[in-house]
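Novice: build me a model:
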Amino acid sequence: MLQVSRATRLATFLGLALLLILCSSTYLFAQASLGGITGIVRDTSGAVIANAKVTLINDATGDKIETKTTPEGNFSFVQLNPANYTIKVEAPNFRTGVFTQVKVDAGRVYSMTTQLEVGAASESVEVVAGTEIVNTVTTDVSNTVQAQQMADLPLLGRNPLNLIALQAGVVGNARTATTINGGRPAWTNTTQDGVSINDNYIRTNAVDFVPNRPSADQVAEFTVTTNNQSAESFGGASQVKLTTKSGTNDFHGGAYYFNRNSDLAANSWTNNLAGNKKGFLNRNQFGANGGGAVIKNRLFYYGYYEGLRQRSAATSGSGSGNVVPKNPISSPASIGTWMLQACSAALTC
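Specialist: A predicted model of the protein is given here:
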């Protein structure tokens, strides 16, 4: 009777698990909140240039994708990670056009018209394309919040979803759930890397709360679509599409610590009126992050950790001048979140 060792069974199990992950990731990547680039190549007279070679280079990872223009001079790149790109356009008897800082946002398509000058292919003309100002490809009304905005703007609790309230047509406050363009909160669909992260059991506060609580260290950027969403979106009249950070060829990392303490705060007006002391609060939020390349232009990693420790107590009694003992009564009093991922330049991560 053929005997199968434990090591063989374990290797078979791990192989099948890896195959399942790779097969399922193909589906997930197809649904991801990715962007794209579409454009047309013309000469200085306005005539289109067919069969021109167009090379797309990811500035952060060095990943390259090549295509040719159609007989109508059009080209397109789909399923792109949100990032800055460089586009190089080459055609016989024309100077090479190099277009830098082409910014692709989550869930949005960048449109550009490139123009080549007559000359030797060894000569090049560099143009800084920058961020697209007007969307000329789709009819959706959307805006993207960048990582730098999440770092610069006041963000209590470091939850990027709080910045949704800064978009046009968004209304909400501490007493009511956030709504977009007057729709119900349940009409908003929130995804991260194309996967729904809504609380699908209770959707009454879909814009303000998601079970996995995204962090500013976790989210690279997110796009809020408030009207006329495209057919590729699903699950709601408005969309919030978050994308996860990933590693690059250069190492980037950081650490932070925030503290809120009642010893450094003034008492409230109502407590002073009633003769009560201020309540106790000691909130510590800290973390670190880092990402880089395992193999340059091939394999990258990114990870982060964020911790929250909070103790608080409310004022007791009217005019008693006392406070509740300093017990950790806040909920939750202690939180820790972390993430570690690795991905290749050929795949979306």
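Novice: flag every buried residue along stretch 190-202.
Specialist: For stretch 190-202, a neighbour-count test (16 or more other C-beta atoms under 10 Å) marks Thr190, Thr191, Gln192, Asp193, Gly194, Ile197, Asn198 as buried. The way it works is simple: take the backbone N, C-alpha and C, and place the C-beta from them, glycine included.
Novice: ok, the first one touching Ser238?
Specialist: No: because the distance of 9.7 Å does not satisfy C-beta atoms under 8 Å, Thr190 is recorded as not touching Ser238.
Novice: between the buried residues of stretch 190-202, which is closest to Thr69?
Specialist: Distance to Thr69 across the buried residues of stretch 190-202 (C-beta to C-beta) is lowest for Gly194, with 29.0 Å.
Novice: what's the burial count for Asp152?
Specialist: Look at Asp152: counted by other C-beta atoms under 10 Å, it has 9 neighbours.
Novice: how about Ala121?
Specialist: 14.
Novice: that one touches Arg95, doesn't it?
Specialist: Yes: with contacts counted by C-beta under 8 Å, Ala121 reaches Arg95, the gap being 7.1 Å.
Novice: residue contacts, Thr136?
Specialist: Ser111 (C-beta atoms under 8 Å, 6 or more residues apart in numbering).
Novice: ignore what I typed, I meant Asn200.
Specialist: Per C-beta under 8 Å, 6+ apart, neighbours of Asn200: none.
Novice: from what I can see, it looks like it's in a strand, true?
Specialist: No: checked against DSSP: H, G, I helix; E, B strand; the rest coil, Asn200 lies outside a strand; its state is coil.
Novice: that one and Phe77, how far apart?
Specialist: As judged by C-beta to C-beta, to the nearest Å, Asn200 and Phe77 stand 33 Å apart.
Novice: could you do Leu166 as well?
Specialist: 30 Å.
Novice: of the two, which one has the most company?
Specialist: Phe77 (21 against 12).
Novice: for the more buried one, report the pLDDT, please.
Specialist: Confidence at Phe77, expressed as pLDDT, is 94.
Novice: go on, the one 4 residues further on?
Specialist: According to the prediction, Asn81 has pLDDT 88.
Novice: could you report the neighbour count for it?
Specialist: What Asn81 shows, counting by other C-beta under 10 Å, is a neighbour count of 25.
Novice: quickly find the element holding Asp217.
Specialist: Counting by DSSP states H and E, there is no helix or strand that carries Asp217.
Novice: and for it, the neighbour number?
Specialist: 24.
Novice: again with Ser124
Specialist: Ser124: 14 neighbours (other C-beta under 10 Å).
Novice: ok, and the closest non-adjacent residue to it?
Specialist: Nearest residue to Ser124 in three dimensions, chain neighbours excluded: Thr96, at 4.2 Å (C-beta to C-beta, 6 or more residues apart in numbering).
Novice: right, and that neighbour touches Thr114 too?
Specialist: No: between Thr96 and Thr114 there is no contact under C-beta under 8 Å: 10.9 Å.
Novice: intersection of neighbour lists for these two?
Specialist: Val89.
Novice: where does Gln148 sit: helix, strand or coil?
Specialist: helix.
Novice: what separation do you get for it and Ala216?
Specialist: Gln148 is 11 Å from Ala216, by C-beta to C-beta.
Novice: neighbour-wise, which of the two wins?
Specialist: Taking neighbours as other C-beta under 10 Å, Gln148 and Ala216 compare with Ala216 leading, 22 against 9.
Novice: next one: that one from Ala147, what distance?
Specialist: 8 Å.
Novice: in the protein, where is pLDDT below threshold?
Specialist: 1-13, 15-32, 131-134, 203-204, 206, 231-235, 314-349 (pLDDT under 70).
Novice: all helices of it, in order?
Specialist: 6-30, 147-152, 269-274 (DSSP state H).
Novice: which one of the buried residues of stretch 190-202 sits closest to Glu72?
Specialist: For the buried residues of stretch 190-202, the nearest to Glu72 is Gly194 (30.5 Å; C-beta to C-beta).
Novice: and the gap between that closest one and Ser215?
Specialist: Counting by C-beta to C-beta, the gap from Gly194 to Ser215 is 19 Å.
Novice: now Pro82
Specialist: Pro82 is 17 Å from Ser215, by C-beta to C-beta.
Novice: who's more crowded, those two?
Specialist: Shown here are Pro82 and Ser215; by other C-beta under 10 Å, Pro82 has more neighbours (25 against 21).
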